[in-house]
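>>> next comes the sequence, and after it the predicted model I'd like to discuss.
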Amino acid sequence: MQKISKSTDFQNDTVQKQYEEMLHKYSHVVEQNHAAIIITDVQGIIKYVNQRFTEISGFTFEDVIGKNPRIFKTGYTPEEEYKKLWQTISSGLIWRGKFYNRKKNGDLYWESTSITPVTDENNKITHFIAIKVDFTERKKIEDELRLANEIISNMDEGVYLIRAGDGIIVYTNPKFDRMFGYETGELIGKHVTIVNAPSEKSPEETAKEIIDTLNKNSVWKGDIRNIKKDGTQFYCYASVSKFHYSVFGDVWIAVHQDITERKHAEDLLKKLQEEQLIILDSIPAWVFFKDTENRFIRVNKTFADIMGMSKEQLEGKSMFELYPKEQAEAFWKDDKEVIASAKPKVNIIEPMQSPKGNLWVQTDKLPYRNSHGNIVGIIGFTIDITERKNAEEKIQKMNEELKELNSTKDKFFSIVAHDMKTPFQGLLGYSQILSEEYETLSEEERKYFIKSIDELSKNTYELLDNLLIWSRIQTGRIAFNPNVFNLYQELSPTVSLLTQTAKNKNITIDYLIDKKIFVNADKNMLSTVIRNLIANAIKFTKRGGKIIISSKRVEKFVDISVVDNGVGIKKENLSHLFKIGQNVSTKGTEDEEGTGLGLILCKEMIQMHGGKIWVESELDSGSKFIFSIPVKI
């Protein structure tokens, strides 16, 4: 207790004087004190406050002198606490505690208070001295720290601090310990790699990757595979940031959320989506989903391929960005009908232009509904029926051609019958003359008739042989055996054989085939074709004429030409040369006979190779027969 006077009566002059002397003696110390000081009488009436009190509370000396300290009350401190306070100081003891008081302007503040009784020489309490220290800011910080600690301790996420300098764990919250299966504090002092699970990267590599990012950006976020104390691996979403902490220096705070179930669900969903996409992309039909604005929102690979785009490029585009306006409007009209009627529209057969050419397609369109049953677009299934359509058209064309062919063949056989009848009439006539008039004929006449019979027999045989070959081609009984061979070497024997025939008419043959060309052809057919063309050239070239055989590479084919400077062909006959039913056979320059079938056979054989044959000729200016066959690729 503090003793300030020898008198017990505060009201008498002596005590008052002693009080004033005491205040004067200690006023300098009191006024300079960093704490607020209040002196009251035994009834609690304020008798003195120092300047610091005014600075803290905002109340002036005049505001509080003669007042009870209850003017500072906020109701935060229970009345029971005030009773204990008075019991303590009334008993001559010092009371220490905290108040949450109100300033003059209404603001609230915390103060730590000690109240000491002051007694006279008779040990009678005369005053109370209250020393108050404002700790509002400290209380605020303590409360915030306490709140932060409570939040971190009760978070559903795991939190831990890592010392940046060496990667050592310096703090873990309870959730982090439970998440990783450790006892409280067990991870403190361990290296951060202890919680990183090995994957395609080692725990050290994972830690280094995160640290490098933190050193560069101060923040790292992402999914990470962790490992528990018992070795169980699981996935977390981690957010790591860097800051400076006075105790440990630079630290990383990491917040981990167990996303194992979410990860499994995502993996399962991803797998299901991938399987759906695989199934969708495996469907040979074009499958597409469109919204009500005519935009593709999902397509399969088959559709994307036919459009020459990736699925990503195609999705989001409308029909009007992909097709000609007229065609896009026709498609959009069907779409709107399906959306408006809420009914499917099936078996829509229509032509379509695509980057891969003109197609025929058959489409079914159905309403596309969301999970609430509302129509949000259409689902389309389209199949390419171009082959079927072409086949139908081909069958129709073939039927028409078959009718025409049958008619042509009838005419052809009529011509052949006539052509065969004529030589037999000659044979019969010549043989009859020889048989009946042999003795009366001169030697020269006999030789003439015998030679005529020989020529007629050869021509008739050639006609029959050509007919046989042609019939085998028509019925598919002739073998087509293409092989790769050198064109020059293969044709040389045939050309050499016919060169002797040409010499009989003093005709020269220039063989100019490229020696480096290899073709993929049937050797026998090719020899037949070249033999027929050279034989015709010899037949229709006058003595002293010239024939040139040459070749020219044209992309995947080689064009072979047989050129003569003979009599040429009438213009009106050019279009009939390769047609059945048109008899354009004429005699050669020296009355050589022909069968009329040679060029027809050449055309059939060249077409079997996928090539073609044509002629360029003018009357009296010679002819040029060209045919193409595939080269070796």
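It's in.
>>> what residue spans form the domains of this protein?
Listed domain ranges for the chain are 2-135, 155-264, 283-377, 390-455, 480-630 (source: automatic domain parsing).
>>> of the ones you listed, which is nearest Asp143?
Nearest of the domains of the chain to Asp143, taken as C-beta to C-beta: domain 2-135 at 9.6 Å. C-beta coordinates here come from the backbone N, C-alpha and C atoms, glycine included.
>>> quick check: mean pLDDT of the closest one?
For domain 2-135, mean pLDDT rounds to 81.
>>> picking that back up, any idea which of the domains of the chain gets closest to Leu145?
domain 155-264 (12.8 Å).
>>> what about that closest one, how long is it end to end?
23 Å (C-alpha to C-alpha, to the nearest Å).
>>> report the distance from that domain to the chain centre.
34 Å (C-alpha atoms, centre = their mean, to the nearest Å).
>>> next: stretch 323-331.
27 Å.
>>> if we can go back for a sec, could you dump the domains of the chain to a markdown table with distance to Leu145 and mean neighbour count?
Below are the domains of the chain laid out as a markdown table (distance: least, C-beta to C-beta, whole Å; neighbours: other C-beta atoms under 10 Å):
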| stretch | distance to Leu145 | mean neighbour count |
| --- | --- | --- |
| domain 2-135 | 14 | 15 |
| domain 155-264 | 13 | 16 |
| domain 283-377 | 49 | 15 |
| domain 390-455 | 83 | 13 |
| domain 480-630 | 85 | 17 |
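>>> mean pLDDT lowest where, among these?
domain 390-455 (a mean of 72).
>>> ok, for Ile125, nearest residue in space, not its chain neighbours?
Spatially, and ignoring its direct neighbours in sequence, Ile125 is nearest to Pro117 (4.7 Å; C-beta to C-beta, 6 or more residues apart in numbering).
>>> sorry, back to before: how about the domains of the chain, which one is nearest Glu275?
domain 283-377 (13.2 Å).
>>> and the end-to-end length of that closest one?
End to end - C-alpha to C-alpha - domain 283-377 spans 21 Å.
>>> now do the helices in the stretch 51-200 of the chain.
51-57, 61-64, 79-90, 136-154, 174-180 (DSSP state H, counting those that start in this stretch).
>>> so who does Ile513 touch?
Leu487, Tyr488, Leu491, Ile549, Ser550, Ser551, Ile560 (C-beta atoms under 8 Å, 6 or more residues apart in numbering).
>>> turn those residues into a markdown table, including distance to Phe135 and secondary structure.
What follows is the contacts of Ile513, written out as a markdown table (distance: C-beta to C-beta, whole Å; DSSP: H, G, I helix; E, B strand; the rest coil):
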| residue | distance to Phe135 | secondary structure |
| --- | --- | --- |
| Leu487 | 109 | helix |
| Tyr488 | 112 | helix |
| Leu491 | 116 | helix |
| Ile549 | 118 | strand |
| Ser550 | 114 | strand |
| Ser551 | 110 | strand |
| Ile560 | 112 | strand |
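>>> and the domains of the chain as JSON lines, adding distance to Leu277?
Formatted as JSON lines, these follow (distance: least, C-beta to C-beta, whole Å):
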{"stretch": "domain 2-135", "distance to Leu277": "64"}
{"stretch": "domain 155-264", "distance to Leu277": "20"}
{"stretch": "domain 283-377", "distance to Leu277": "8"}
{"stretch": "domain 390-455", "distance to Leu277": "32"}
{"stretch": "domain 480-630", "distance to Leu277": "38"}
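>>> dihedrals phi and psi, the closest residue to Thr508 other than its chain neighbours?
Nearest residue to Thr508, sequence neighbours excluded (C-beta to C-beta, 6+ apart): Lys546, at 5.2 Å. Here is the backbone geometry of Lys546 (degrees, to the nearest 10): phi -140, psi 140.
>>> check the one 10 residues further on too.
Dihedral angles of Lys556 (phi, psi; degrees, to the nearest 10) stand at phi -90, psi 10.
>>> so it touches Ile629, yeah?
No: counting by C-beta atoms under 8 Å, Lys556 does not reach Ile629; the two are 10.2 Å apart.
>>> which of the domains of the chain sits closest to Glu142?
Closest among the domains of the chain, once you apply C-beta to C-beta, is domain 2-135, at 8.7 Å.
>>> distance check, Asn504 against Phe485.
30 Å (C-beta to C-beta, to the nearest Å).
>>> please report how far the residue most central in space within the chain lies from Ala304.
Centroid-nearest residue in the chain: Glu312, 5.7 Å away (criterion: C-alpha atoms, centre = their mean). Using C-beta to C-beta, Glu312 is found at 9 Å from Ala304.
>>> what does Gly185 give?
58 Å.
>>> for Ser623, same thing?
Applying C-beta to C-beta to Ser623 and Ala304 gives a distance of 53 Å.
>>> again, but for Asn399
38 Å.
>>> with Asp166 instead?
For Asp166, the distance to Ala304 - C-beta to C-beta - is 54 Å.
>>> now the helices for the stretch 401-550 of the chain?
Using DSSP H, counting those that start in this stretch, helices in the stretch 401-550 of the chain cover 443-474, 487-503, 523-539.
>>> would you mind giving these as CSV with distance to His191 added?
Formatted as CSV, the helices of the stretch 401-550 of the chain follow (distance: least, C-beta to C-beta, whole Å):
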stretch, distance to His191
helix 443-474, 86
helix 487-503, 78
helix 523-539, 81
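>>> please name whichever of the ones you listed is nearest to Asp134.
When the helices of the stretch 401-550 of the chain are compared by C-beta to C-beta, helix 487-503 sits nearest Asp134, at 112.0 Å.
>>> which ones are touching His34?
Counted by C-beta under 8 Å, 6+ apart, His34 has contacts Arg52, Val133.
>>> doesn't it belong to a strand?
No: membership of His34 in a strand is not supported by DSSP: H, G, I helix; E, B strand; the rest coil, which gives coil.
>>> would you map the helices across the stretch 201-350 of the chain?
203-217, 260-282, 301-306, 311-314, 325-341.
>>> need these in a markdown table with distance to Gly373, can you?
Formatted as a markdown table, those follow (distance: least, C-beta to C-beta, whole Å):
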| stretch | distance to Gly373 |
| --- | --- |
| helix 203-217 | 47 |
| helix 260-282 | 21 |
| helix 301-306 | 26 |
| helix 311-314 | 27 |
| helix 325-341 | 14 |
